[in-house]
Structure formats: structure tokens, C-alpha cells
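Enquirer: only geometry, no sequence info:
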């Protein structure tokens with residue numbers, strides 16, 4: 001598992017020696033003043049690309065140039081979009097585009113330099129610049145090849161990005177770069193876990209990775225097996241797990257950065273390592289993608305990688321209910337009634353609405369920590385893809401201030417959230433004739449019904465639910481990332497935690 005590290009260079013651009021110099025530029029018809037000296041050194045190739053119209057600076061646009069002089073072997077122009085609309089996210093995305101192109105170039109581009117034209121920064125501070133460049137480079141450079149035979153023309157991993165900046169802001173850029181390095185490591189771990197096939201990434205595998213994190217960073221780890229869950233009374237989680245021979249695991253990671261007395265932030269991640277739908281089995285087409293149903297768990301583990309590196313002054317607890325959901329002679333059936341950890345009974349209408357069953361026991365278990373806030377993250381409903389596509393996370397909660405705080409963290413992270421209502425009228429969808437609640441309300445308002453179900457088990461703390469079914473993985477290539485897992489949630493959680501910690 002590889003990751004990208006950042007460095008900071010305060011040498012004038014024209015003097016930067018590198019196999020690849022990526023320049024992020026906004027739309028415009030001339031060379032920005034801050035790049036005039038560089039353009040002169042490289043034989044005017046930047047100016048010619050712009051004035052000829054071959055490079056316009058649109059978002060995701062890129063042009064690879066071969067200089068006639070200077071110290072950069074190649075120059076890659078990357079578009080930022082309209083000048084007045086450049087943000088942290090614009091720069092992060094441009095760095096991702098650059099890193100993806102760098103990886104495609106192969107040998108010689110494992111280490112590249114990245115600079116943003118000074119005039120294009122649009123108020124983005126040095127610390128933010130350092131952070132988002134490394135985050136973007138890590139996103140764009142990621143690829144998973146370890147299960148394939150070596151190709152005839154192997155492409156080495158991108159290993160580092162040098163952020164070129166003015167000397168007076170090198171310290172601030174370096175502070176951001178260190179955050180970016182930590183997030184890049186967490187991002188790499190989350191995507192690595194997501195991409196693993198279901199016969200590799202089992203509940204026990206997730207528990208083993210949690211132990212590796214605990215051993216590396218001194219976290220407290222508690223892992224419950226099936227017998228311990230039974231003793232704890234986790235009837236909803238056990239109902240999902242009863243159809244598989246794979247042992248379920250309930251994983252509890254604790255990071256203490258603010259002393260034992262401070263109430264923690266709790267992150268809960270859905271860890272269904274393969275979801276066939278159970279007795280309510282899914283269609284065969286694209287079922288292989290259901291290995292991504294543990295993406296919430298991956299986001300929590302990736303965030304703990306970040307916590308171990310940055311050590312913010314805050315307490316954080318991570319909870320991961322992990323199981324497979326398979327049909328068998330012992331599997332839970334539609335019409336069965338189970339008793340949750342909270343004590344409420346649940347009528348199982350659809351065994352494919354299993355994520356909410358394992359999360360509800362976790363949301364009940366969390367009360368013992370007396371949390372300051374609880375955020376759960378899950379690939380919960382296909383309905384959220386219908387509502388929001390693959391662009392935004394569906395967000396619901398019982399505390400408007402916390403929902404707003406999470407949305408702001410998502411904006412800073414480039415992982416945007418859109419709020420959906422949990423009005424009392426939607427509770428009618430979950431009324432059961434024979435139990436306290438049923439686990440599915442049908443097709444209408446499917447994402448909200450899932451959120452309302454979880455709310456039934458939230459007691460005494462502010463809570464937000466994040467439905468990432470549309471954003472956890474992509475179906476195709478993008479200019480800024482390859483097809484597959486996105487590690488969504490790692491950056492959002494990091495921004496939320498760092499803001500709470502005052503970092």
C-alpha cells in the first residue's frame with residue numbers, strides 16, 4: 001500500500017529542478033505575471049500554449065509541454081476554472097489531475113513539483129494550500145495493482161509532491177503539508193480496505209487492521225466476537241450475521257487526546273464486508289460492488305490513521321459493527337422479529353435493509369461513552385443515489401447545529417453534504433403491526449426512512465447520519481481519480497475533528 005508524501009520548496013519556479021512541474025492556472029488569455037520569468041526560462045512554451053488556445057484553463061483541463069530550456073524536464077498545465085471561483089477544493093482537484101497524469105507518465109515522474117499561479121489563489125492561505133495539494137495528489141495518484149500480474153510497461157507509484165511557494169509562506173505551507181501527509185495516509189488505508197475483495201476483507205480482517213492501528217499509535221482496542229455480542233444483547237447485529245459462517249466483529253477503537261474526562265466525538269462506520277441482500281437477495285448484475293458496503297468502516301479506520309499521526313487534543317471513539325450479509329438455512333427471514341440492543345423490537349421486512357440493523361445496535365452501545373457528538377457513516381440506501389447521484393452525501397440528524405457543522409466540514413473537505421428532513425410524518429413509514437418498528441418503509445423516501453430508523457435508537461446525544469451510498473465509489477474513470485473507491489469520509493471527519501480541537 002503506497003501513499004504520497006509532500007515536501008515544501010521555496011526556490012523560484014524557474015530554478016526548480018524536477019522531472020515534472022505542474023502549474024495550476026485559471027482561465028485567461030495571458031501568462032500570469034508570477035509565471036513570466038518561468039516562461040522565459042522554459043523557452044516560452046507556457047505562453048504559446050495559452051495564446052494559441054491549446055490550453056484555456058478550464059477545470060480538469062491539462063496540457064503536457066516539453067520545454068526548450070530551464071530545469072524542469074516537463075511542464076504540465078492544469079486548469080483551475082474561472083479565476084474568481086478558485087477555492088481549496090479547486091486546488092485539491094487540480095493537484096489530483098496533475099498526480100493522475102504524473103502516474104500515467106511512468107518512470108521519472110514519481111516525484112513531481114506543483115505550483116499555483118499566485119494570482120489564482122483567490123485568498124487560499126498557505127496552510128490550506130499545503131494541505132490540499134498533498135490531499136489532491138494522494139487522491140489522483142492512487143491505484144491498486146497488487147492482485148494483477150506485472151504489466152510489460154509498469155507504472156511506478158507517485159511517491160511525493162513538492163509544493164512550490166514563496167519563502168515568506170513556507171512555514172505555513174509546511175504546517176498544512178503535514179496535515180495533508182496524515183490525511184493522505186488515512187485516505188490510502190481507507191481505499192486499500194475498500195478495494196479488497198470480500199474473501200480477503202472479512203470482519204476479522206477489519207479487526208486485524210484495527211489492531212495494527214492500535215499497536216502503532218497506542219489506541220485502546222476492544223473487539224467483541226459473536227459470543228460477546230450475544231452477551232451484550234446486540235440482537236439486530238446478530239440477526240444480520242446469523243446467515244454467514246464468517247465470524248462477525250464489533251470493533252471499538254479509542255483515541256484519548258484530551259484526557260479521560262472530556263466527552264468524545266464518536267464515529268460509527270457500517271462494516272458489511274459483503275452484502276448479497278440475504279434472503280431478499282440482490283440482482284446478480286453488479287453484485288460484486290457490494291464489497292464496498294464496508295466503506296463506512298474504512299472511513300473510520302482511515303480517520304484513526306490520521307488521528308495517530310496528528311494527535312489532536314480531542315477524544316475520539318470509533319465503532320465498527322462488521323459482518324457479512326448472506327442467504328443460508330440459518331439466515332434471518334422477512335417477517336422475523338428481533339430484539340435490538342436498545343430494547344426495541346424490529347420486524348424484518350427486507351433483509352437487504354441490513355445496514356441500519358447493525359448500526360442501530362452501535363448507536364445504542366455508544367451511550368456508555370456520554371459523547372459530545374456522534375457521526376455515523378454508511379452506504380445505507382440506493383435511494384440516496386437516485387436523490388443526489390454520486391456528487392453529494394445525504395445528511396440527516398437530530399441537531400441542526402451539528403448538521404451545519406458537518407456540512408461546513410464537508411465543504412472544506414471537498415466532500416459535500418446535502419441535508420434531508422427527518423420530519424415526524426416520515427415516522428409513519430416504519431410503523432409495524434407486530435413490533436416496535438419495522439426495518440423498511442418501502443420505496444418512497446427510502447433514504448429518509450433509513451435515517452428515521454436509526455433515529456429510533458439515538459438517545460441523549462447530538463447525532464448526524466451520513467449516507468455515502470452514492471459517493472463511496474465510482475463506476476468510471478475521472479480526470480482526478482481512477483474508477484473504484486474514494487475513501488469518502490476521511491477528509492470530512494478530519495476537518496470536523498481538527499476544527500473541534502482548535503487545530
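Expert: Looks like it arrived, so ask away. If you're wondering where the values come from, they're calculated on a predicted model, not measured in any experiment.
Enquirer: Can you give me the buried ones in stretch 162-182?
Expert: 162-165, 169-170, 172-182 (16 or more other Cβ atoms under 10 Å). Any C-beta I mention is one placed from the backbone N, CA and C, and that applies to glycine too.
Enquirer: Quick check: chain neighbours aside, which residue is closest to residue 131?
Expert: Nearest residue to residue 131, sequence neighbours excluded (Cβ to Cβ, 6 or more residues apart in numbering): residue 176, at 3.7 Å.
Enquirer: So the one you found: helix, strand or coil?
Expert: helix (DSSP: H, G, I helix; E, B strand; the rest coil).
Enquirer: got the contact list for it?
Expert: Residue 176 makes contacts with 126, 127, 128, 129, 130, 131, 132, as judged by Cβ atoms under 8 Å, 6 or more residues apart in numbering.
Enquirer: Residue 104 now?
Expert: residue 155.
Enquirer: A helix includes it, no?
Expert: Yes. Per three-state DSSP, residue 104 lies within a helix segment.
Enquirer: residue boundaries of the helices in the chain?
Expert: Per DSSP state H, the chain carries helices over the ranges 36-41, 45-51, 88-105, 126-141, 170-195, 203-217, 226-232, 235-241, 295-310, 355-365, 383-388, 400-413, 446-455, 490-501.
Enquirer: Including distance to residue 338 and mean pLDDT, could the ones you listed go into CSV?
Expert: Output for those, formatted as CSV (distance: least, Cβ to Cβ, whole Å; pLDDT from 0 to 100):
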stretch, distance to residue 338, mean pLDDT
helix 36-41, 66, 95
helix 45-51, 64, 95
helix 88-105, 43, 95
helix 126-141, 40, 97
helix 170-195, 28, 98
helix 203-217, 19, 98
helix 226-232, 12, 98
helix 235-241, 4, 98
helix 295-310, 21, 98
helix 355-365, 8, 98
helix 383-388, 23, 97
helix 400-413, 29, 98
helix 446-455, 13, 98
helix 490-501, 30, 98
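Enquirer: Show me the one of those that comes nearest residue 262.
Expert: Closest approach to residue 262 among those is made by helix 490-501 (10.5 Å; Cβ to Cβ).
Enquirer: Mind listing what's buried along that closest one?
Expert: So, applying 16+ other Cβ under 10 Å, buried residues of helix 490-501: 490, 491, 492, 493, 494, 495, 496, 497, 498, 500, 501.
Enquirer: ok now it, how far from the chain's centre?
Expert: 12 Å (Cα atoms, centre = their mean, to the nearest Å).
Enquirer: Which neighbouring elements make contact with it?
Expert: helix 170-195, strand 265-269, helix 295-310, strand 373-378, helix 400-413 (3 or more Cβ pairs under 8 Å, 6 or more residues apart in numbering; DSSP states H and E).
Enquirer: contacting residues for residue 223?
Expert: Contacts of residue 223 by Cβ under 8 Å, 6+ apart are 207, 210, 211, 249, 250, 251, 252.
Enquirer: so the last one touches residue 317, yeah?
Expert: So that's residue 252. Yes. Residue 252 lies in contact with residue 317 (Cβ atoms under 8 Å); the separation is 6.9 Å.
Enquirer: didn't residue 207 look like it was pressed against residue 249?
Expert: Yes. In terms of Cβ under 8 Å, residue 207 counts as a neighbour of residue 249; the distance is 4.4 Å.
Enquirer: which one of these two has more residues nearby?
Expert: A count of neighbours by other Cβ atoms under 10 Å puts residue 249 above the other of residue 207 and residue 249, at 27 against 21.
Enquirer: returning to that earlier point: indicate which one of the helices of the chain is closest to residue 28.
Expert: Taking Cβ to Cβ, helix 45-51 is the member of these nearest to residue 28, at 7.6 Å.
Enquirer: mind listing what residue 207 touches?
Expert: Contacts for residue 207 (Cβ under 8 Å, 6+ apart) come out as 223, 249, 251, 322.
Enquirer: one more time with 6 Å
Expert: With contact set as Cβ atoms under 6 Å, 6 or more residues apart in numbering, residue 207 has these partners: 223, 249, 251.
Enquirer: re the thing from before, which members of the contacts of residue 223 are the farthest-apart pair?
Expert: Taking Cβ to Cβ, no two of the contacts of residue 223 sit farther apart than 211 and 250, at 13.9 Å.
Enquirer: what pLDDT does residue 1 get?
Expert: What the model reports for residue 1 is a pLDDT of 66.
Enquirer: residue contacts, the residue lying closest to residue 373 once chain neighbours are set aside?
Expert: Nearest residue to residue 373, sequence neighbours excluded (Cβ to Cβ, 6+ apart): residue 462, at 5.0 Å. With contact taken as Cβ under 6 Å, 6+ apart, residue 462 is in contact with 373, 399, 402.
Enquirer: Look up how far residue 374 lies from the last one.
Expert: Computed with Cβ to Cβ, to the nearest Å, the distance linking residue 402 and residue 374 is 9 Å.
Enquirer: who's more crowded, the two?
Expert: Set side by side, residue 402 and residue 374 show more neighbours around residue 374, with 27 against 20, by other Cβ under 10 Å.
Enquirer: Would you agree the more buried one is in contact with residue 465?
Expert: No. Using Cβ atoms under 6 Å as the test, residue 374 is too far from residue 465 to be in contact (9.2 Å).
Enquirer: still on that earlier bit, go through the helices of the chain and name the closest to residue 426.
Expert: Nearest of the helices of the chain to residue 426, taken as Cβ to Cβ: helix 446-455 at 5.1 Å.
Enquirer: if we look at that closest one, which residues are touching it?
Expert: Against helix 446-455 from outside (Cβ under 6 Å, 6+ apart): 356, 359, 380-381, 383-384, 394, 396, 420, 422, 426-427, 429-430, 441, 465, 467.
Enquirer: switch to 8 Å and redo it
Expert: Contacts for helix 446-455 (Cβ under 8 Å, 6+ apart): 353, 355-356, 359-360, 363, 376, 380-384, 387, 394, 396, 398, 420-422, 426-427, 429-430, 437, 439-442, 463, 465, 467.
Enquirer: what about residue 37, neighbour count?
Expert: For residue 37, using other Cβ under 10 Å, the count is 13.
Enquirer: Thought residue 31 was touching it, still the case?
Expert: No. If you go by Cβ under 8 Å, residue 37 and residue 31 don't touch, sitting 10.1 Å apart.
Enquirer: quick one: which of residue 211 and residue 250 has more around it?
Expert: residue 250 (28 against 15).
Enquirer: Quick check: nearest residue in space to the more buried one, chain neighbours excluded?
Expert: residue 224 (3.9 Å).
Enquirer: do the same with residue 143
Expert: residue 482 (5.8 Å).
Enquirer: again, but for residue 115
Expert: Residue 115 sits nearest to residue 164 (Cβ to Cβ, 6+ apart), 3.9 Å away.
Enquirer: dump the residue contacts of the closest residue in space to residue 295 that isn't next to it in sequence.
Expert: Among residues not flanking residue 295 along the chain, residue 472 sits closest, at 3.7 Å (Cβ to Cβ, 6+ apart). Taking Cβ under 8 Å, 6+ apart as the criterion, residue 472 is in contact with 194, 292, 295, 296, 379, 485, 486, 488.
Enquirer: Count the residues that sit near the second one.
Expert: By that I understand residue 292. Neighbours of residue 292 under the rule other Cβ under 10 Å: 23.
Enquirer: swap in the fourth one?
Expert: Residues contacting residue 296 under the criterion other Cβ under 10 Å number 30.
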